[in-house]
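Engineer: quick one, fold the following:
(4 chains)
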Protein chains: 2
Amino acid sequence: MGDDMILAVEQAVTSSDKTFFQLRKDIVEGTILPGSKLSETELSTKYSVSRAVVREAINRLESCHLVERKANVGARVVSLTPEGLVELYQVRESLEGMAARLAATNMSDEEIADLRELLSTHFNTVKSGETYYQEAGDVDFHYRIILGSKNSHLIAMLYNGLYHLIRMYRVQLGMAGPRVTTAFDEHKHIVDAIANRDPELAEMLMRRHIQYTCRNLKPKLS
Amino acid sequence: MGDDMILAVEQAVTSSDKTFFQLRKDIVEGTILPGSKLSETELSTKYSVSRAVVREAINRLESCHLVERKANVGARVVSLTPEGLVELYQVRESLEGMAARLAATNMSDEEIADLRELLSTHFNTVKSGETYYQEAGDVDFHYRIILGSKNSHLIAMLYNGLYHLIRMYRVQLGMAGPRVTTAFDEHKHIVDAIANRDPELAEMLMRRHIQYTCRNLKPKLS
DNA sequence: AAAGCTTAAATTGTCGACAAAATAGCGAAT
DNA sequence: ATTCGCTATTTTGTCGACAATTTAAGCTTT
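Structural biologist: Numbers count the residues shown, from 1 in each chain, chains lettered A, B, ... in the order given. I've put the predicted structure just below:
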């Protein structure tokens, strides 16, 4: 079970899809470095596809904010900056706060029970010292709450839009920090608020949680 | 001076840009009806461009959430539903609330003064009965605060992503409601909070303002 | 030696044609 | 008459080639 379980729902039907997924993976995981140029001809020979599908893939990457393109010039992988990280987490705080708020109303009792179970599983694996579950568990937790909001725009913006960029920052900063146990407590309080059907509190706790995460990541980049 | 002054910064350099802008305008303003199919060949003959540029334009429209595309099937203009409107305004409340919060910190004194001036101009034109400034004035107000956040992600998501869809709903619902004066008061309070450098209050007032707007729009669609 | 212009190479933008998939239409069987 | 299956048509996906723009190189000039 890898850390890309959240991608399971995406299935590549067309050749352009495959190229898009591959390119996104290479960018997010650092195989293609931030700031590097994406040559259409070069990539088309590398992946053995036409330039048209590479173009389409690059366009989609631009929509994810993973590459920047200038007309008649070309596309480059985005550069990671401390300011960019802060801006990204401000948006994330806003959207995931709203997601938690909505989840407190829209998640079913069963979904909440599943979330609790995930949390306890996560807790046991972390306690037994297997830290490599850490990021996957965290992503899964947040993802379920986003889905629990039942808001398709929210889901699309976070999942198709920002999460890959966030992960790219995480990878470049050398994975997660050491604040596993505190993050676990924060997650638990958020679930409690959702289970108590308290939208205000759920939003506030989620926003604080993300603020803490940002403060934890920020010093690593500068 | 039309209601598309906010688009002034966008300039079409490539043929695909023009097609994208044209298509977006036709969809947002209702020339192409919600739910209708977008045939690539048909559009390519209609706009006298190649199918490739139409494809690229449609892909961009999909990123704006204005069309939905299924592989090997085609693209359709999104359908407008009451649930979709609510979801859209939930996201908008979240993002613009954050924009107001950030604007309270990041807007310069000069920008705030300009905003105040815009508001008084708006007030005078409304008082003199020229209601056709209404929507443009409202959009301009919100747009300046979004820019004032100085957060590029926020700006991109709202401006390139959601505002056209919001406008599409507004057009389909027969333009704005009659709550001009109350909205003006709300705008004024928001500017006051920003001028007082009070992020918490600015966010809260903006969120309430958008909630009211949504409640005002909602009964028209069902 | 440095700056500016001219020309050559490389890259992106656009186009028409072919391949693959899905839809529509027709006919046969129940 | 309806359903199932087959064929034909339409539509999307992919490809290679050409056009337009940008970038790089070389030359001239000061």
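Engineer: quick one: the lengthiest helix in chain A near chain B?
Structural biologist: The residue-count maximum for a helix in chain A (DSSP state H) belongs to helix A:82-106. Yes: for helix A:82-106, a contact with chain B is found by C-beta under 8 Å from any C-beta of the partner chain, at A:84, A:87, A:88, A:90, A:91, A:93, A:94, A:95, A:97, A:98, A:102. Where C-beta positions appear, they are placed from N, C-alpha and C, glycine not excepted.
Engineer: which of those residues lies closest to DNA strand C?
Structural biologist: Closest approach to DNA strand C among the residues of helix A:82-106 next to chain B (C-beta to the nearest atom of the strand): residue A:84, at 22.9 Å.
Engineer: skipping adjacent residues, who's closest to residue A:147 in space?
Structural biologist: Distance criterion C-beta to C-beta, 6 or more residues apart in numbering or on different chains; nearest residue to residue A:147, sequence neighbours excluded, is residue A:155 at 6.3 Å.
Engineer: that neighbour is in what secondary structure piece?
Structural biologist: helix A:152-155 (DSSP states H and E).
Engineer: go on, residue A:150?
Structural biologist: Per DSSP H and E: residue A:150 is located in neither a helix nor a strand.
Engineer: and it, how far is that from residue A:174?
Structural biologist: 35 Å (C-beta to C-beta, to the nearest Å).
Engineer: repeat for residue A:153
Structural biologist: Remark: distance between residue A:153 and residue A:174 (C-beta to C-beta) = 33 Å.
Engineer: go on, residue A:69?
Structural biologist: For residue A:69, the distance to residue A:174 equals 29 Å [C-beta to C-beta].
Engineer: would you list every one of the helices in chain A?
Structural biologist: A:15-28, A:40-47, A:51-63, A:82-106, A:109-127, A:134-148, A:152-155, A:163-172, A:180-195, A:199-221.
Engineer: most tightly surrounded among those helices?
Structural biologist: A comparison of those by mean neighbour count, using mean count of other C-beta atoms under 10 Å in any protein chain shown, puts helix A:82-106 on top with a mean of 22.
Engineer: how about the residue lying closest to residue A:212 once chain neighbours are set aside, what does it touch?
Structural biologist: Excluding its sequence neighbours, the residue lying closest to residue A:212 (C-beta to C-beta, 6+ apart) is residue A:186, at 7.1 Å. Listed by C-beta atoms under 8 Å, 6 or more residues apart in numbering or on different chains, the contact set of residue A:186 reads A:205, A:208, A:209, A:212.
Engineer: what's the distance between the spatially most central residue of chain A and DNA strand D?
Structural biologist: Geometric centre of chain A, nearest residue: residue A:163, 2.2 Å, by C-alpha atoms, centre = their mean. Using C-beta to the nearest atom of the strand, to the nearest Å, residue A:163 is found at 24 Å from DNA strand D.
Engineer: tell me how many other residues crowd whichever residue of chain A sits closest to DNA strand C.
Structural biologist: Nearest residue of chain A to DNA strand C, counting by C-beta to the nearest atom of the strand: residue A:74, 3.2 Å away. Residue A:74 is flanked by 14 other residues according to other C-beta atoms under 10 Å in any protein chain shown.
Engineer: how about the closest residue in space to it that isn't next to it in sequence, what does it touch?
Structural biologist: Computed as C-beta to C-beta, 6+ apart, the closest residue to residue A:74 that is not its neighbour in sequence is residue A:37, at 6.0 Å. Neighbour list for residue A:37: A:74, A:75, A:76 [criterion: C-beta under 8 Å, 6+ apart].
Engineer: ok, now residue A:67?
Structural biologist: Neighbouring residues of residue A:67 by C-beta under 8 Å, 6+ apart: A:27, A:38, A:58, A:61, A:75, A:76, A:77, A:78.
Engineer: the most far-flung residue of chain A relative to its centre and residue B:164: what is the separation?
Structural biologist: Note on chain A: the largest C-alpha distance from the chain mean falls to residue A:72, namely 30.8 Å (C-alpha atoms, centre = their mean). To residue B:164, residue A:72 is 25 Å away according to C-beta to C-beta.
Engineer: rewinding a little: residue B:15: which of the helices of chain A is closest?
Structural biologist: helix A:51-63 (14.1 Å; C-beta to C-beta).
Engineer: is that closest one positioned near DNA strand D?
Structural biologist: Yes: using C-beta under 7 Å from any atom of the strand, helix A:51-63 reaches DNA strand D at A:51, A:52, A:53, A:56.
Engineer: thinking the last one is in contact with residue B:59, fair?
Structural biologist: Just to be clear, that refers to residue A:56. Yes: judged on C-beta atoms under 8 Å, residue A:56 makes contact with residue B:59 at a distance of 6.6 Å.
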